[in-house]
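Asker: I would like to see how this sequence folds:
(chains A and B)
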Protein chains: 2
Amino acid sequence: MRPKIYLFGDSITEASFCDGGWGSSLAHHFCRTVDVVLRGYSGYNTRWALKVAEKVFPAVKGGGGGGDEGAPIAVTVFFGANDACLPDRCSAFQHVPIHEYKQNLQSIVSFLKNQWPTTLILLITPPPIDEEARIKHPYVENPTGQPERTNEAAGAYAKACTEVSRELGLPVIDLWTKMQQLPDWKKAYLSDGLHLNQTGNRVVFEEVVMKLNEKGLSLEKLPVDLPLISEIEPNNPLKAFEK
Amino acid sequence: MRPKIYLFGDSITEASFCDGGWGSSLAHHFCRTVDVVLRGYSGYNTRWALKVAEKVFPAVKGGGGGGDEGAPIAVTVFFGANDACLPDRCSAFQHVPIHEYKQNLQSIVSFLKNQWPTTLILLITPPPIDEEARIKHPYVENPTGQPERTNEAAGAYAKACTEVSRELGLPVIDLWTKMQQLPDWKKAYLSDGLHLNQTGNRVVFEEVVMKLNEKGLSLEKLPVDLPLISEIEPNNPLKAFEK
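Answerer: Model (predicted):
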């Protein structure tokens, strides 16, 4: 059985198999070693994610919590962009207060750890927000013309996410901070002020590969299940399949 | 459990999660409904594919042949480009005689049907070959300077594949014929005379979606497992999760 990596998150995860998306890049990277499984839910915040976690990751039949059969080698948990919608703006219904966001993230991790104790859980913070672009590309009717998300709020949720990672001893990709290291980050990485363009997707892909690598989940260390063409002897091709 | 579609094939399948690849496009298309699972093996012909079929698709535990739990809704079977390597050229070790190619394809289908009687099996023929480009981009040392694959041979294997589909009553995508309907097919669809560029990948994606659609495997008919953001009431978001 080929090992799995689940991608659990909101629209930035759901859209990750677009052209040049970070999910499809991961699947391509691990094309002979790992199944990259998409569990992205557009618009979801951590409150809703927690509600559906048992349906997204059903317990393995016959094995109680801790049954490691079918356990993925890693799960990315990438929420916060919707939680960080401001409570008095047009996408308020997606807002989750920051203290609840932290609790929800902890509960999601706890749920996953209970199911799969050895699975690597990798947190990803929300990306930074380009507020002007958010005004230009509204997702819902926005009569006030104020952005429904601000970069400051996204930053607070990103910080909360890194705090959870520290408290629980988990790796984290602080995308909010990482992306803003580039002066031109708004145009360089974002398509509509929130979602990632191809270069932004590339950043997430590279960061995820690096974090997995640090935890021993790399092409060098993960087994290839069947012979590579380079291992097949032209004079005796079937030999490679005799094992 | 979200249903699965397996992509079983050679390098044109293995590379299908590249930017704009037909596999990642399928995964993106079905992002809330189906897991698209990559089982591509670069360089493999049907002889080798048949050798590894039981490892690629292990029987479900406890259920003998016919146990439909965990059965995918569809499998694409996309071999022939390597079988069609000429027996007297530099990639001869990948060559499989055409009568054996047909038998192997039949055996692969039979293996899948035995395991999963209700699964849709979709055959895909090898693509056409641009022989000049094959000379320019050799995969192995090629002292004679003759192409290791010809378009004529690929066409014979494509025809054999469509014959198998007819004999077994399976849908088929005749990529060899389809692509050559465009006069500029060599440049338009191929990157190195064999593998697909983004436009070629787009053709495969669209053809696969169309064939799945004809068999009732469409976005309109497949269930979405969890509420879409459009189904969530802004005034009472949790209502959608109460079912």
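Asker: only C-alpha atoms from now on, for both contacts and neighbour counts.
Answerer: Noted.
Asker: hmm, stretch A:145-163 touching chain B?
Answerer: No. Residues of stretch A:145-163 are not located near chain B by Cα under 8 Å from any Cα of the partner chain, the shortest gap being 14.2 Å.
Asker: buried sites along that stretch?
Answerer: Buried residues in stretch A:145-163, counting neighbours by 16 or more other Cα atoms under 10 Å in any protein chain shown, are found at A:147-151, A:153-162.
Asker: do stretch A:212-222 as well
Answerer: Neighbour-count burial for stretch A:212-222 flags A:212, A:217-219 (criterion: 16+ other Cα under 10 Å).
Asker: just to revisit the earlier point, now, the buried residues of stretch A:145-163 that are in helices?
Answerer: Using DSSP state H, A:151, A:153-162 are the members of those that sit in helices.
Asker: confidence score at A:Val60?
Answerer: A:Val60 is assigned a predicted lDDT (pLDDT) of 68.
Asker: same check, this time on the one 5 residues further on
Answerer: Taken from the predicted model, the pLDDT recorded for A:Gly65 is 42.
Asker: got the residues of chain A near chain B?
Answerer: Residues of chain A lying close to chain B (Cα under 8 Å from any Cα) are A:1, A:14-21, A:24-25, A:27-28, A:31-32, A:35, A:37-44, A:48, A:51-52, A:58, A:93, A:226, A:228-229, A:234-235, A:237-238, A:241.
Asker: quick check: which ranges of chain A have low pLDDT?
Answerer: Across chain A, the ranges flagged by pLDDT under 70 are A:60-69.
Asker: just the strands in it please.
Answerer: In chain A, the strands defined using DSSP state E lie at A:4-9, A:35-40, A:74-78, A:120-124, A:172-173.
Asker: any chance of those strands in CSV, plus mean neighbour count?
Answerer: Converted to CSV, the strands of chain A look like this (neighbours: other Cα atoms under 10 Å in any protein chain shown):
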stretch, mean neighbour count
strand A:4-9, 22
strand A:35-40, 24
strand A:74-78, 23
strand A:120-124, 23
strand A:172-173, 23
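Asker: in JSON lines: those strands, plus distance to B:Gly193.
Answerer: Below are the strands of chain A laid out as JSON lines (distance: least, Cα to Cα, whole Å):
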{"stretch": "strand A:4-9", "distance to B:Gly193": "33"}
{"stretch": "strand A:35-40", "distance to B:Gly193": "29"}
{"stretch": "strand A:74-78", "distance to B:Gly193": "38"}
{"stretch": "strand A:120-124", "distance to B:Gly193": "41"}
{"stretch": "strand A:172-173", "distance to B:Gly193": "40"}
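Asker: ok, which of those strands comes nearest B:Glu131?
Answerer: Evaluated over these, closeness to B:Glu131 peaks at strand A:35-40, with 34.3 Å, by Cα to Cα.
Asker: and A:Leu122, how far is that from A:Ser218?
Answerer: A:Leu122 sits 15 Å away from A:Ser218, going by Cα to Cα, to the nearest Å.
Asker: among the residues of chain A next to chain B, which lie within helices?
Answerer: Those of the residues of chain A next to chain B mapping onto helices are A:14, A:24-25, A:27-28, A:48, A:51-52, per DSSP H.
Asker: may I ask which of these has the most neighbours?
Answerer: Within those, most neighbours by other Cα atoms under 10 Å in any protein chain shown means A:Ser24, with 32 neighbours.
Asker: and the residue nearest to it when sequence neighbours are not counted, how many residues sit next to it?
Answerer: Take A:Ser24 and drop its neighbours on the chain: the residue closest to it by Cα to Cα, 6 or more residues apart in numbering or on different chains is A:Phe17, 4.6 Å away. Counted with other Cα under 10 Å, the neighbours of A:Phe17 add up to 30.
Asker: quick check: A:Phe17 touching B:Ser25?
Answerer: Yes. In terms of Cα atoms under 8 Å, A:Phe17 counts as a neighbour of B:Ser25; the distance is 7.0 Å.
Asker: list the contacts for A:Asn104?
Answerer: Contact analysis of A:Asn104 by Cα atoms under 8 Å, 6 or more residues apart in numbering or on different chains lists A:46-47, A:50.
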